[in-house]
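S.K.: Provided below are the primary sequence and the corresponding predicted coordinates.
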Amino acid sequence: MAETNGKGRTGSVQSIERAFGLLETMADAGGMMGLSQLAAASGLPLPTIHRLVRTLVDLGYLRQEPSRQYVLGPKLVRLGESSSHMLSVFARPHLARLVDELGESANMAMLDGDQIVYLAQVPSRHSMRMFTEVGRRVLPHCTAVGKAILAQFPDAEVRELLHRTGMPKHTDNTLTNPDAFTAQLHQAEANGYAMDEGEQELGVRCVAVAVPDAPSHLAISISGPAGRMTEPLVEQAVPLLTQAAKALSEDLH
C-alpha cells in the first residue's frame, strides 16, 4: 500500500497542496482575506492557516496589510507573466493550424478580472488582415472571445460584470443592453460558439469558442474582414475551432 502519512492524495505533499489551495482561495475572493476568512473558506485549523500564511509571506507570495488582512504578493506577478507566456507557446501550433485551414487570423484570449487580454495571435497571410496586439485589453461584451467565455458564467455574475464595466458602445453594432447581451450568451452556449458582428470594430467579424476545462478562462477565435468571413467560412470554422480548443485543453493538463 502506498505511503500517505503527512500527505493528501497519494504522492502529493499536503503542506504544498494546502499552500496553493490558500492562494487559489484568495485569488477567487479578489486577492485579499483575513486569517479567519481563510480558515472558514478552507476548513483548516487556524494554527495551520497561520503557519502556511507566515511561510508565504516570508517567501513574498503574500503580504500583510496594515489592516492585518493578507493580499497576494508581488512575486506572483512574475509567475503569472511566465505562465501567460507559456500559454502562448502552447497555443501557437493550434492557432497556426487554424490559419492554414481557414486563411484568417487566429487568436487566443483570457478573461482577466473584468477584461479580455489577448495572449497569442497567428496572423493571416492575406495582405488585408486583422492584427490584434498581444497584451491588448478590451471589455468582453464587444468581443467573440469574451462572449464565448461569459456564456459559461451564471447570468447573475455576467450582469455584475456588465454593471461594473458599463457596456460602452464602440460601434453601432455594439450590444449595450444587459438583457439582449445575456440572451445572446444563451444562444452562444446552445450553439457552442460566439460571434462578434462588427461590435468592436466595424467591418470585422469574429467567431470564437471557449477552451474547455482550461486552468484559466480562455477562448480561441478567428477574425477577418466581414467580406471574407462569410457564413460558409464560419460554418467551416466552428468544428475546427472546437477541435483546436479541445486539443489545447489537453496540452494544458
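M.R.: Cool, the structure landed.

S.K.: any idea which helix or strand carries the closest residue to T48 other than its chain neighbours?
M.R.: Closest residue to T48 apart from its sequence neighbours, by C-beta to C-beta, 6 or more residues apart in numbering: R18 at 7.2 Å. All C-beta atoms are positioned from the backbone trio N, CA, C, and that covers glycine. Take DSSP states H and E as the rule and R18 turns out to sit in helix 14-28.

S.K.: Could I get the contacting residues of the closest residue to L111 other than its chain neighbours?
M.R.: Nearest residue to L111, sequence neighbours excluded (C-beta to C-beta, 6+ apart): H217, at 3.9 Å. By C-beta atoms under 8 Å, 6 or more residues apart in numbering, the contact list for H217 reads M110, L111, I149, Q152, A210.

S.K.: Counting neighbours, what do you get for the second one?
M.R.: As a burial measure, the neighbour count of L111 was computed by other C-beta atoms under 10 Å and equals 22.

S.K.: Contact partners for it?
M.R.: Applying C-beta under 8 Å, 6+ apart, the residues near L111 are P140, G146, I149, L150, S216, H217.

S.K.: how far away is it from S124?
M.R.: 25 Å (C-beta to C-beta, to the nearest Å).

S.K.: so what's L248 closest to, chain neighbours aside?
M.R.: H94 (5.0 Å).

S.K.: what about that neighbour, which helix or strand?
M.R.: H94 is located in helix 75-102, with elements delineated by DSSP H and E.

S.K.: hang on, the earlier thing: name the residues of the helix holding R18 that are buried.
M.R.: Using 16 or more other C-beta atoms under 10 Å as the burial criterion, the residues of helix 14-28 that qualify are R18, A19, G21, L22, L23, M26.
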